[in-house]
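>>> Based on what follows, work out the 3D shape:
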Amino acid sequence: MADLAERARAKRLNPDEVQGGTFTITNHGGTGSLFSTPIIHQPQIAILGVGAVQKRPVVINDAIAIRPMCYLSLSFDHRVIDGATADQFMTKVKEYLEQSEWERFL
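As a prediction, this is how the structure comes out:
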């Protein structure tokens, strides 16, 4: 996995190593962008865009707290995935991220 990631960053992957995927994650937030609408690359069926993580005030249990927040965007092919299924996926991603102790990594 480390070798694959290193070669991807160096743009040294072979064509057969980047074919056959069905889902992409793109981090447009690495350059500071908050939100984007990524476009799927056929024949993939979905792409998840991750925006920059920034501390923002949020309401938690009727109190204002500062938390790291980011926007996630999901673009998908409606011919393959129903919108309700995509929404369920994003709800699960949100629940997982909110229940994890991510602050210790930031």
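>>> tell me, how many neighbours does the residue nearest to Gln42 when sequence neighbours are not counted end up with?
Using Cβ to Cβ, 6 or more residues apart in numbering and skipping residues adjacent in sequence, the residue nearest Gln42 is Asp77, 8.0 Å away. To be clear about C-beta, it is placed using only N, CA and C from the backbone, and glycine gets the same treatment. Using other Cβ atoms under 10 Å, Asp77 is surrounded by 14 other residues.
>>> and if you look at Val53?
Val53 has 14 neighbours, counted by other Cβ under 10 Å.
>>> How about the contacts made by it?
Applying Cβ atoms under 8 Å, 6 or more residues apart in numbering, we find Val53 in contact with 29, 68-70, 106.
>>> and with 6 Å instead?
Contacts for Val53 were tallied using Cβ atoms under 6 Å, 6 or more residues apart in numbering; they are 68, 70.
>>> what do you get for the one 4 residues further on?
Residues in contact with Pro57 (Cβ under 6 Å, 6+ apart) are 64, 66.
>>> Restricting to C-alpha, output the host helix or strand of it in PDB.
Using DSSP states H and E, Pro57 sits within strand 54-60. Extracted as PDB, the C-alpha positions of strand 54-60 are listed here (Å, rounded to 0.1, in the frame of the first residue of the first chain):
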ATOM      1  CA  GLN A  54     -11.200  24.300   9.800                       C
ATOM      2  CA  LYS A  55     -12.200  25.000  13.300                       C
ATOM      3  CA  ARG A  56     -15.700  26.400  13.500                       C
ATOM      4  CA  PRO A  57     -18.200  27.200  16.200                       C
ATOM      5  CA  VAL A  58     -21.000  24.500  16.400                       C
ATOM      6  CA  VAL A  59     -23.800  23.800  18.800                       C
ATOM      7  CA  ILE A  60     -23.400  20.600  20.900                       C
END
